[in-house]
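In: have a look; sequence and predicted model below, questions after that.
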Amino acid sequence: MAHIPQDAQKIAVEGATVDFYKLQKDGQSTYYFDTSKEGPPHPMVNAMSGLNLIKGTNDTLVMINHKTPGGLFGKLEDDVRYVVEELPDGLVKVVFSYNPDAASESDLTQTSCGG
């Protein structure tokens with residue numbers, strides 16, 4: 001949990017298979033989860049569960065993973081923005097946000113990694 005702020009509060013998230021945390025600051029929430037020690041399908045399943053939290057909001061979702069989740073990115077439409085940051089310990093941090101001006105909407109029920 002080195003990449004999740006200590007003052008973030010653990011929350012229950014429907015469909016999640018790992019712990020989620022929420023940090024609220026200045027009226028905005030940031031949700032965190034760490035799948036860096038998990039294999040498929042956990043990164044995809046938890047990302048989709050987390051993206052449901054921020055859909056239609058100004059909130060952000062932070063994913064810590066062992067690698068860039070290319071399969072996940074392929075399932076997202078332009079309603080989900082993301083920025084990838086490689087961390088010094090070899091992990092990857094992905095920060096997701098919602099794009100209110102999107103022309104298409106992601107199907108957040110697509111939680112399988114294949115095809």
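Out: Structure received. Quantities reported herein were computed from a predicted structural model and do not represent experimental measurements.

In: can you list the low-confidence ranges for the protein?
Out: 1, 113-115 (pLDDT under 70).

In: same thing but 80
Out: The model of the chain has pLDDT under 80 over residues 1, 111-115.

In: pull the distance from the biggest helix by length in it to the chain's centre.
Out: Identified as the longest helix of the chain according to DSSP state H is helix 42-54. From the chain centre to the centre of helix 42-54 is a distance of 5 Å (CA atoms, centre = their mean, to the nearest Å).

In: again with stretch 22-41
Out: Relative to its chain's centre, stretch 22-41 lies at 6 Å (CA atoms, centre = their mean).

In: so the closest residue to Ser106 other than its chain neighbours, which state does it fall into?
Out: Leaving out its chain neighbours, the residue that sits closest to Ser106 by CB to CB, 6 or more residues apart in numbering is Glu77, at 4.4 Å. Bear in mind the C-beta positions are built from the backbone N, C-alpha and C, glycine included. Secondary structure assignment for Glu77 (DSSP: H, G, I helix; E, B strand; the rest coil): coil.
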